[in-house]
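Visitor: Mind looking at a prediction? Sequence and model below.
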Amino acid sequence: MYTTQLFIISIAIIIVHNNVLAEDNPEECETLPSELHIIKEEFDELGRLQRTCNGDIAVNKCEGACNSQVQPSVITPSGFLKECYCCRETFLRERMIALTHCYDPDGVRLTSDKLATLEVKLKEPADCKCFKCGDFSG
């Protein structure tokens, strides 16, 4: 009887302690605007460089911290229950972007309508949140 009461009190202390930690360290996983400099090279069928295109592109990124914890456990083989969470995308949005600075192999800027821009497919986070680490189903 005494052991059962001690165990229940221990669980209550752990739950209260975990709730205090969660309030002190809130999850801050956000979808934030970012800018990338992208360079894309195009080659012909013989592997010769045809053109190089680049541009600065506004994209979303996932950034922030998620609550993780390690606590003693009599059930797990290691003696600890580990719960790790990571900030990552809920899903990726695909979009086309135009690289508008294109150059021939000699570094001369291309100006003809057909070669002056290059359309590239890009995937970016549409939204971000905390996921259990190693869980790729989200």
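Guide: Perfect, thanks for sending it. Numbering: from 1, shown residues only.
Visitor: quick one, helices of this structure?
Guide: Listed in chain order, the helices found in the chain under DSSP state H are 2-24.
Visitor: residue ranges with poor pLDDT in it?
Guide: 1-26, 135-138 (pLDDT under 70).
Visitor: where along this protein do the strands fall?
Guide: 30-43, 49-63, 69-72, 80-83, 85-99, 101-103, 118-132 (DSSP state E).
Visitor: Give me the contacts around the fifth one.
Guide: Going back to what we said before, that points to strand 85-99. 27, 29-30, 38, 40, 53-55, 57, 62-68, 117-133, 138 (CB atoms under 8 Å, 6 or more residues apart in numbering). Yep, even glycine has a C-beta here, placed from its N, CA and C like the rest.
Visitor: Bridged to the residue most central in space within the chain, which residues?
Guide: Nearest to the geometric centre of the chain sits Arg88, at 3.8 Å (CA atoms, centre = their mean). Arg88 has these beta-bridge partners by DSSP bridges: Lys129.
Visitor: Please report how far it lies from Lys129.
Guide: The gap separating Arg88 from Lys129 is 8 Å, by CB to CB, to the nearest Å.
Visitor: In contact with Gly79: list those residues for me.
Guide: Contacts of Gly79 (CB under 8 Å, 6+ apart): 72-73.
Visitor: Repeat that for Ala58.
Guide: 33-35.
Visitor: One more pass at 6 Å, please.
Guide: Ala58 makes contact with Glu35 under the criterion CB atoms under 6 Å, 6 or more residues apart in numbering.
Visitor: separation between it and Gly79?
Guide: Ala58 is 48 Å from Gly79, where distance means CB to CB.
Visitor: about what we covered before: got the strands of the chain as a markdown table, with distance to Thr111 columns?
Guide: Putting those into a markdown table (distance: least, CB to CB, whole Å) gives the following:
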| stretch | distance to Thr111 |
| --- | --- |
| strand 30-43 | 16 |
| strand 49-63 | 12 |
| strand 69-72 | 58 |
| strand 80-83 | 57 |
| strand 85-99 | 14 |
| strand 101-103 | 9 |
| strand 118-132 | 14 |
